[in-house]
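1. Sequence and predicted structure below; questions after.
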Amino acid sequence: MWKMTYSFQSTGKPVALLLHGFLGSKSQWNSVVSGLESNYDMLMVELPGHGKSPSVSDYSIEELSFEISQYLKQYFIEKVHFVGHSMGGYVGAAFAKAYPQHLHSLTMVNSIANSDLPARKQMRNRAIELIDRFQNAYVSMAINNLFTREEHELYKEIIEEMKAMGKSMTLESVLAALRAMRDRPSQLLDKDLNIQYIYGNRDAVIDKSLIEKELSAFNFNGVELAGGHMLLLTHPSELIQNMHFIE
């Protein structure tokens, strides 16, 4: 089995596992980590083809959750507090369904447990058809959509860094991620699990109505913040303050 890049150093504290989203990397958690590391050991993983992880031509969201379960086994970690942003949340939901015995809590940041709606699948298919000719343009457009208009003014440097990182990814990596997100099944999460959603009220990628529908169906805790899709970069302090697993 291929491996995803990760960083972890055990000191015996509870483990918080942080997984970024599409076109991101584990470095995007740096501001969140600074607020957690005094009380938690941090396991930060990078998706295939993202950051320093090797490119993989084909995989599923369920395979990623299995890969993570193997890291837990390797380090004798019984349970984790899983924090997943966007695509990382898709993996977190799959992990919660497949390995609930290894989950203290799941925090879904700008993410949902259900599969893509038909319109979203069509958008991904369109991107897959065109991306070999327009990869850089697609990456720029996709990243622009992650931020609100006001955030574009406030976080210009961060956005440009994210675009540079996204454009450095191989075509194979971008396509594999798009297919994995498109083809993921809905995860019917156990209502007894310790799960919360933190989401932006101006998220142009995952509309808050979809998240609120899941909150109503599962009766999980939800926190709405005034922001777009990249709360881990734009609202790290608020994320930390609202993670209910923090003691």
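-> Perfect, thanks for sending it.
2. how about the helices in the chain?
-> Ranges of helices in the chain, per DSSP state H, are 30-36, 61-74, 87-98, 118-144, 149-154, 156-167, 171-183, 208-218, 231-234, 236-242.
3. Output the fifth one as CSV, nothing but the C-alphas.
-> Coordinates of the C-alpha atoms in helix 149-154 are reproduced here as CSV (Å, rounded to 0.1, in the frame of the first residue of the first chain):
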residue,chain,number,x,y,z
ARG,A,149,-14.5,38.7,-1.5
GLU,A,150,-13.4,40.3,1.7
GLU,A,151,-11.0,37.4,2.4
HIS,A,152,-9.4,38.0,-1.0
GLU,A,153,-8.4,41.4,0.2
LEU,A,154,-7.2,40.2,3.7
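4. Would you mind measuring from Phe245 to Asn194?
-> For Phe245, the distance to Asn194 (CB to CB, to the nearest Å) stands at 7 Å. For the C-beta atoms, the positions are set from N, CA and C on the backbone; glycine is no exception.
5. would you turn the helices of the chain into a markdown table with mean neighbour count, distance to Leu17 and mean pLDDT?
-> What follows is those, written out as a markdown table (neighbours: other CB atoms under 10 Å; distance: least, CB to CB, whole Å; pLDDT from 0 to 100):
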| stretch | mean neighbour count | distance to Leu17 | mean pLDDT |
| --- | --- | --- | --- |
| helix 30-36 | 17 | 11 | 95 |
| helix 61-74 | 17 | 7 | 96 |
| helix 87-98 | 25 | 8 | 97 |
| helix 118-144 | 14 | 25 | 94 |
| helix 149-154 | 13 | 26 | 96 |
| helix 156-167 | 16 | 21 | 95 |
| helix 171-183 | 19 | 19 | 97 |
| helix 208-218 | 16 | 21 | 93 |
| helix 231-234 | 24 | 14 | 97 |
| helix 236-242 | 16 | 15 | 96 |
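6. got these as TSV, with distance to Phe22 columns?
-> Formatted as TSV, the helices of the chain follow (distance: least, CB to CB, whole Å):
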stretch	distance to Phe22
helix 30-36	18
helix 61-74	12
helix 87-98	4
helix 118-144	8
helix 149-154	18
helix 156-167	9
helix 171-183	5
helix 208-218	17
helix 231-234	13
helix 236-242	18
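7. Mutual contacts of Phe245 and Asn194, please.
-> Listed as contacting both Phe245 and Asn194 by CB atoms under 8 Å, 6 or more residues apart in numbering are His104, Ser105.
8. re the thing from before, and of the helices of the chain, who's closest to Tyr6?
-> helix 61-74 (6.3 Å; CB to CB).
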